[in-house]
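Q: when you get a sec, could you give me coordinates for this:
(4 chains)
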2 protein chains.
Amino acid sequence: MHSFTEENYLKAIYKLQETNGEVVATSALAQVMGVHAPSVTDMLKRMAGKKLVTYQKSKGFKLSEKGKKVAVGIIRNHRLWEVFLVDKLGFRWDEVHDIAEQLEHIHSEDLVNKLDAFLGYPKADPHGDPIPDANGVLPKSKSVLLSTLKAGDEGTFTGVTDHSPAFLNHLDKSGISLGNSIKVKGVEEYDQTYTLQLKGKKEVVVSFKVANSLLVRG
Amino acid sequence: MHSFTEENYLKAIYKLQETNGEVVATSALAQVMGVHAPSVTDMLKRMAGKKLVTYQKSKGFKLSEKGKKVAVGIIRNHRLWEVFLVDKLGFRWDEVHDIAEQLEHIHSEDLVNKLDAFLGYPKADPHGDPIPDANGVLPKSKSVLLSTLKAGDEGTFTGVTDHSPAFLNHLDKSGISLGNSIKVKGVEEYDQTYTLQLKGKKEVVVSFKVANSLLVRG
DNA sequence: AAGTAAAATTAGGCTAATCTAATTTAATTT
DNA sequence: AAATTAAATTAGATTAGCCTAATTTTACTT
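A: Numbers count the residues shown, from 1 in each chain, chains lettered A, B, ... in the order given. Modelled structure (predicted):
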């Protein structure tokens, strides 16, 4: 089995590859892992030895198929546990991340699959992030950032790109929840402030910073 | 926070103190931890430094109040997770130990207390072991080994002292389940084989080995 | 009480994962 | 293309947990 540390590296590399492209840099990984660059070089050598990543000196690195499989498994664990914490135990969506970071490392195929069944095979976690199925298949999202919409556009709020409690609490206070239908009433030219019509009810004004962290599906 | 290793040492020391008396020997601990004696000496020095145990060179050691609190917390986690695995996820009672050994190390007071509530504040795990409450209070068991009963005695099957899958499966096959009322019909003089009357139904014969691992409450 | 056996500790090493400081390699600027 | 800057790697240490081999301490036996 892999150590927690290895698993966290794999997860981090996976996410970097998703957002920043195929090949990952030592410094980028060091930053997200909260360690210094030489630690990353070190760790990558070990992981390359285990065929979890392909690594070329000073050229960056990427996950092997094997590494990708492990990474997706961890993400599956993480997101299913988040659903459990919110749906079954009554945690708020801004409280679950740290606990799920621990639970994601529990090693048992049987457990995660039974948990999946218990939760009713959810397709997304409480933040709208898609949950890989038991085969590691992760549906590609069709959502876009709210900040790419123009006045008159409509959509459904499907997820966030910022998972910080601060941001999530701010959304709660603004009365914006996952699944809400949103219509863009207008976009302020000067500072790109968005005026939104929520679910035929409230009208809400959000900053660009917020619009740029909200995912919507047309 | 404490490392998993430390927590496992604490748990092991706690259990040894429970069964073998106040003071624990290096060799005994090494045996249950599956390590060699010098590793124990090493670890104990570190843990003594953290005031988790009181340690006197070559004299044995025992848990401090602080150490005891941590140990009981881990046991609480373990047993609550076992209830979850069996009651909610449908695991069998012989399957849950290894998974609970991992889950017991999740660090979150909030989580364990919410889990407790979700499970309905169970008093015992699927093997009948009592669950400490949120304050670390563990009800003292009033059960005795079936092997201490005589012909004619009655009781309720409340727990096991052997948690091995082999033993638990054997009980399943014999049709003996937690909570069953049991009456001792007779005890064979020659080999201490017990003939039991179960719940007004079946009659079952069990070996001394089995009777010596079953707990009953008069 | 002396001698042996058993238990515990010390000494010295190993690995995973980290660090700082120094060096090398790659990229960018002029 | 040379010089400078930035990124990555190597070198050498550190800590937690573990090991084996050697030594010391305690317990047991006669």
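Q: report the central residue of chain A.
A: Geometric centre of chain A, nearest residue: A:D129, 5.5 Å, by C-alpha atoms, centre = their mean.
Q: okay, buried residues for the lengthiest helix in chain A please.
A: Across chain A, the longest stretch assigned as helix under DSSP state H is helix A:65-83. Of the residues in helix A:65-83, A:67-68, A:70-83 count as buried by neighbour count, 16 or more other C-beta atoms under 10 Å in any protein chain shown. C-beta: built from backbone N, CA, C; applies to glycine.
Q: residues from chain A in reach of DNA strand D?
A: Within chain A, the positions near DNA strand D by C-beta under 7 Å from any atom of the strand are A:25-28, A:37-38, A:40-42, A:44-45, A:55, A:57-60.
Q: could you measure from the nearest residue to A:K68 once chain neighbours are set aside over to chain B?
A: With C-beta to C-beta, 6 or more residues apart in numbering or on different chains as the criterion, A:K68 has its nearest non-adjacent residue at 6.7 Å, and that residue is A:Y14. According to C-beta to the nearest C-beta, to the nearest Å, A:Y14 and chain B sit 22 Å apart.
Q: pretty sure A:Y14 contacts A:A71?
A: Yes - A:Y14 is within contact range of A:A71, at 3.7 Å (criterion: C-beta atoms under 8 Å).
Q: so what's in contact with the two at the same time?
A: A:L63 (C-beta atoms under 8 Å, 6 or more residues apart in numbering or on different chains).
Q: now find how far off-centre stretch A:159-175 is within its chain.
A: 13 Å (C-alpha atoms, centre = their mean, to the nearest Å).
Q: alpha carbons only: can I get that stretch in PDB?
A: Extracted C-alpha coordinates of stretch A:159-175, given in PDB (Å, rounded to 0.1, in the frame of the first residue of the first chain):
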ATOM      1  CA  GLY A 159     -20.200  24.100  -8.100                       C
ATOM      2  CA  VAL A 160     -17.400  26.200  -6.800                       C
ATOM      3  CA  THR A 161     -13.700  26.500  -7.600                       C
ATOM      4  CA  ASP A 162     -12.800  28.000  -4.200                       C
ATOM      5  CA  HIS A 163     -13.400  25.600  -1.400                       C
ATOM      6  CA  SER A 164     -12.400  27.800   1.500                       C
ATOM      7  CA  PRO A 165     -14.800  28.100   4.400                       C
ATOM      8  CA  ALA A 166     -14.600  31.900   4.000                       C
ATOM      9  CA  PHE A 167     -15.900  31.800   0.500                       C
ATOM     10  CA  LEU A 168     -18.500  29.100   1.300                       C
ATOM     11  CA  ASN A 169     -19.800  31.100   4.200                       C
ATOM     12  CA  HIS A 170     -20.000  34.200   2.100                       C
ATOM     13  CA  LEU A 171     -22.200  32.300  -0.400                       C
ATOM     14  CA  ASP A 172     -24.400  31.100   2.500                       C
ATOM     15  CA  LYS A 173     -24.900  34.600   3.700                       C
ATOM     16  CA  SER A 174     -25.700  35.800   0.100                       C
ATOM     17  CA  GLY A 175     -28.400  33.000  -0.100                       C
END
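Q: against A:L198, how distant is the residue nearest to A:K68?
A: Using C-beta to C-beta, to the nearest Å, one gets 34 Å for the distance from A:Y14 to A:L198.
Q: which parts of stretch A:193-206 are buried?
A: A:T193, A:Y194, A:L196, A:Q197, A:L198, A:V204, A:V206.
Q: can you give me how far that stretch is from the chain middle?
A: 25 Å.
Q: can you give me the end-to-end distance of it?
A: 6 Å (C-alpha to C-alpha, to the nearest Å).
Q: repeat that for stretch A:137-145.
A: 23 Å.
Q: show me what it is in contact with.
A: With C-beta under 8 Å, 6+ apart as the criterion, stretch A:137-145 contacts A:72, A:75, A:123, A:128, A:130-132, A:155, A:158-159, A:161, A:211-218.
Q: the same query, at a cut-off of 10 Å, please.
A: Here stretch A:137-145 makes contact (C-beta atoms under 10 Å, 6 or more residues apart in numbering or on different chains) with A:18, A:72, A:75-76, A:79, A:123-124, A:128-133, A:153, A:155-159, A:161, A:211-218.
Q: likewise stretch A:194-207?
A: Residues contacting stretch A:194-207 (C-beta under 10 Å, 6+ apart): A:146-147, A:149, A:151, A:154, A:156-157, A:170-171, A:174-177, A:179-188, A:191-193, A:208, A:210-214, A:216.
Q: so which residues on chain A come close to DNA strand C?
A: Residues of chain A lying near DNA strand C (C-beta under 7 Å from any atom of the strand): A:3, A:5-6, A:33-36, A:38-39, A:42-43, A:46, A:57-59.
Q: just the buried members of these?
A: Judged by 16+ other C-beta under 10 Å, buried ones among these: A:E6, A:M33, A:S39, A:M43.
Q: and chain B, is stretch A:114-131 touching that?
A: Yes - on the criterion C-beta under 10 Å from any C-beta of the partner chain, stretch A:114-131 is in touch with chain B at A:K114, A:L115, A:A117, A:F118.
Q: so which of those wins on neighbours?
A: Counting neighbours by other C-beta atoms under 10 Å in any protein chain shown, the top entry in the residues of stretch A:114-131 next to chain B is A:L115, with 23 neighbours.
Q: for the residue lying closest to that residue once chain neighbours are set aside, give me the pLDDT.
A: Leaving aside its sequence neighbours, A:L115 sits nearest to A:L80 (C-beta to C-beta, 6+ apart; 5.4 Å). Each residue has a pLDDT score; the one for A:L80 is 98.
Q: A:L80 against A:N113, yeah?
A: Yes - with contacts counted by C-beta atoms under 10 Å, A:L80 reaches A:N113, the gap being 9.5 Å.
Q: what do these two both touch?
A: Joint contacts of A:L80 and A:N113 (C-beta under 10 Å, 6+ apart) do not exist.
Q: just the buried ones from the contacts of stretch A:137-145?
A: For these, buried by 16+ other C-beta under 10 Å: A:72, A:75-76, A:79, A:124, A:128-132, A:155, A:157-159, A:211-216.
Q: in helices, which of those residues appear?
A: A:V72, A:I75, A:R76, A:R79, A:A211.
Q: so what's the third one up against?
A: Pointing back at A:R76 there. For A:R76, the contact set (C-beta under 10 Å, 6+ apart) comprises A:E104, A:V112, A:N113, A:L115, A:D116, A:I131, A:P132, A:D133, A:A134, A:G136, A:L138.
Q: same check, this time on the fourth one
A: Contact partners of A:R79, counting by C-beta under 10 Å, 6+ apart, are A:100, A:104, A:122-127, A:129-132, A:138.
Q: farthest pair in those?
A: A:E104 and A:K123 (18.1 Å; C-beta to C-beta).
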